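Asker: Quick one, fold the following:
(chains A, B, C and D)
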There are 2 protein chains.
Amino acid sequence: MNLPPLIQSFVLHFGEMGSHWGINRTVGQIYALLYVSDKPLNADDIVEAIGCSRSNTSMALKELQAWRLVKLQHLPGDRREYFSTPDDVWAIFKTLAEERQKREVEPTLTMLRGAILETPGSDAERHAQARMNEMYQLIELVTKWFADIRDMDVDTLQKLMKLGSQVQKVLQFTQSLSRLTSRDSGKEE
Amino acid sequence: MNLPPLIQSFVLHFGEMGSHWGINRTVGQIYALLYVSDKPLNADDIVEAIGCSRSNTSMALKELQAWRLVKLQHLPGDRREYFSTPDDVWAIFKTLAEERQKREVEPTLTMLRGAILETPGSDAERHAQARMNEMYQLIELVTKWFADIRDMDVDTLQKLMKLGSQVQKVLQFTQSLSRLTSRDSGKEE
DNA sequence: TCAAACTTTCAGAAATTACTGAAAATTGGA
DNA sequence: TCCAATTTTCAGTAATTTCTGAAAGTTTGA
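Answerer: The predicted model follows:
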């Protein structure tokens, strides 16, 4: 690996972090490299920069494409494939959240739905089912909320985040407001 | 493994999912088992239920304790250690979020802070640094927001989540309200 | 159609991670 | 204090994952 020190430490860090996340070292390093690169890179550029094998690079790029975290492009007059990451860090964040949702959350929800529909054969199973249901409700709620947030435009999102815990106050305020003004209120939920 | 089918499939699923997450099979299975169990279990109960070795169980429990995802308790007149998960799924969720923050996000923030303070030695480094800064800002923002949300009480949190994208409208409403009423407004940010 | 340029696949090697059993350490009570 | 019950550690082994080089596949343009 022969990179400017600043970039090198970034790339190495992502390599290490990869294992804490669900990706391998090479995938992490390549992503990091593309993220900070000021121009698209081809596979040989990457081999040169990271110091891994050509085939490993190919595999890693395939995985990054499956995650939709890198985009492929062609440069005029060059047959090789060039890779880069999207510019918008928010978009990257959203993509990551969507993919993780699809790969890690959906299968669990499916399993839980199935389990919850079974007829329990004992007290232990009845209790287990109740617990699974709690988990299911929580995941569904958080998931929906996340999806809603994901679909906001960047500006709103950024404002929302900067408000931080203020959100809580705004909500309380709005709720008391609507309680005052609405007629059909009564009990929700 | 000799468990009621409903519980068994839950436990096995968590074992598989573990690898997508950062934990190994045994850790995932033990957590799942404790989560649905209607009473605390000791290490031998777990060995019996899961079918792994005693030592592996000991390791896995240590890891789960490090994540603060299981609690240790003693039963009167029994010297063995019994384990269970917290009852409150929200609390579990918060713990998980806090631990991941500490283990996966903080180190990255530290690295980024360091890199951003360096003096770039080339255009490539200058560009890399700008990208790192974008990433840093994003992570900081999301992190703070999450922390704010984590510290809300369960009821508010649940209401907030159920509102979903309504939040967006509430915010816009509140913002136009404050724009009308406040004097010193001008430009924020 | 062919050849050159480039990419992907895949079997096996290397590295890493998970698991086990035996032994050591700890704990609580007699 | 000592003993028995229980937990932890750890070195070696098993399983899994990652990585490589060689070979096969694909694409483009002459």
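Asker: The strand or helix carrying residue A:125 packs against which elements?
Answerer: Assessed by DSSP states H and E, residue A:125 sits inside helix A:123-150. Other elements packing on helix A:123-150 under the criterion 3 or more CB pairs under 8 Å, 6 or more residues apart in numbering or on different chains; DSSP states H and E are helix A:89-100, helix A:106-117, helix B:5-20, helix B:25-36, helix B:89-100, helix B:154-163, helix B:166-181. (Glycine included, C-beta is placed from N, CA and C.)
Asker: what angle separates the fourth one from helix B:5-20?
Answerer: With axes from the mean of the first three to the mean of the last three CA atoms, to 10 degrees as the criterion, the two stretches helix B:25-36 and helix B:5-20 enclose an angle of 140 degrees.
Asker: Would you mind writing the CA trace of helix B:25-36 as CSV?
Answerer: In CSV, the C-alpha atoms belonging to helix B:25-36 read as follows (Å, rounded to 0.1, in the frame of the first residue of the first chain):
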residue,chain,number,x,y,z
ARG,B,25,-23.5,-18.3,16.5
THR,B,26,-23.3,-19.3,20.1
VAL,B,27,-23.7,-15.8,21.4
GLY,B,28,-26.7,-15.2,19.2
GLN,B,29,-28.3,-18.5,20.2
ILE,B,30,-27.8,-17.9,23.9
TYR,B,31,-29.2,-14.4,23.7
ALA,B,32,-32.3,-15.7,21.9
LEU,B,33,-32.8,-18.4,24.4
LEU,B,34,-32.6,-16.1,27.4
TYR,B,35,-34.8,-13.6,25.7
VAL,B,36,-37.7,-16.0,25.3
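Asker: and the very next helix or strand once past that helix, how far from the chain's centre?
Answerer: Next helix or strand after helix B:25-36 toward the C-terminus (DSSP H and E): strand B:41-42. Centre-to-centre, strand B:41-42 and its host chain are 24 Å apart (CA atoms, centre = their mean, to the nearest Å).
Asker: which residues touch the lowest-mean-pLDDT helix or strand in chain A?
Answerer: Across the helices and strands of chain A, mean pLDDT, DSSP states H and E gives its lowest value to helix A:166-181, namely a mean of 75. Helix A:166-181 has contacts (CB atoms under 8 Å, 6 or more residues apart in numbering or on different chains) with A:160, A:163, A:185, B:148-149, B:152, B:156, B:159-160, B:163, B:167, B:170-171, B:173-174.
Asker: what do you get for stretch A:130-143?
Answerer: When contacts are defined by CB under 8 Å, 6+ apart, stretch A:130-143 is touched by residues A:101, A:105, A:108-109, A:112-113, A:115-116, B:10, B:35-36, B:89-90, B:93, B:158, B:161-162.
Asker: Distance from it to the middle of the chain?
Answerer: 20 Å.
Asker: which residues of chain A score low on pLDDT?
Answerer: For chain A, applying pLDDT under 70 flags the ranges A:182-189.
Asker: Taking it, what residue is nearest to DNA strand C?
Answerer: As assessed by CB to the nearest atom of the strand, DNA strand C sits closest to residue A:55 within chain A, at 3.1 Å.
Asker: tell me which element that residue is part of?
Answerer: Using DSSP H and E, residue A:55 falls in helix A:54-66.
Asker: List the contacts of the helix or strand encompassing residue A:47.
Answerer: Taking DSSP H and E as the definition, one finds residue A:47 inside helix A:43-50. Identification of contacts with helix A:43-50 by CB under 8 Å, 6+ apart yields A:1-3, A:11, A:26, A:29-30, A:33-34, A:41, A:52-54, A:57-58, A:61, A:80-81, A:83.
Asker: Can you narrow these down to the ones near DNA strand D?
Answerer: Filtering the contacts of helix A:43-50 for proximity to DNA strand D by CB under 7 Å from any atom of the strand leaves A:26, A:52, A:53, A:54.
Asker: DNA strand C contacts on chain A?
Answerer: A:19, A:42-44, A:54-55, A:58-59, A:61-62, A:78-81.
Asker: go with 6 Å
Answerer: Taking CB under 6 Å from any atom of the strand as the criterion, chain A approaches DNA strand C at residues A:19, A:42, A:43, A:54, A:55, A:58, A:59, A:61, A:62, A:79, A:80, A:81.
Asker: so the closest residue to the last one other than its chain neighbours is in which element?
Answerer: Nearest residue to residue A:81, sequence neighbours excluded (CB to CB, 6 or more residues apart in numbering or on different chains): residue A:72, at 5.6 Å. According to DSSP H and E, residue A:72 maps onto strand A:71-74.
Asker: what number of residues lie near the residue of chain A closest to DNA strand C?
Answerer: 10 (other CB atoms under 10 Å in any protein chain shown).
Asker: and residue A:83, that one's in a strand?
Answerer: Yes - judged by DSSP: H, G, I helix; E, B strand; the rest coil, residue A:83 forms part of a strand.
Asker: give me every residue that touches it.
Answerer: If you count contacts by CB under 8 Å, 6+ apart, residue A:83 has them with A:34, A:40, A:41, A:42, A:43, A:46, A:61, A:64, A:70, A:71, A:72, A:73.
Asker: cutoff 7 Å now
Answerer: By CB atoms under 7 Å, 6 or more residues apart in numbering or on different chains, residue A:83 lies in contact with A:34, A:40, A:41, A:61, A:70, A:72.
Asker: Make a PyMOL selection of whichever of the residues you listed turn out to be buried.
Answerer: Command for PyMOL that selects the buried part of the contacts of residue A:83, burial taken from 16 or more other CB atoms under 10 Å in any protein chain shown:
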select buried, chain A and resi 34+40+41+61+70
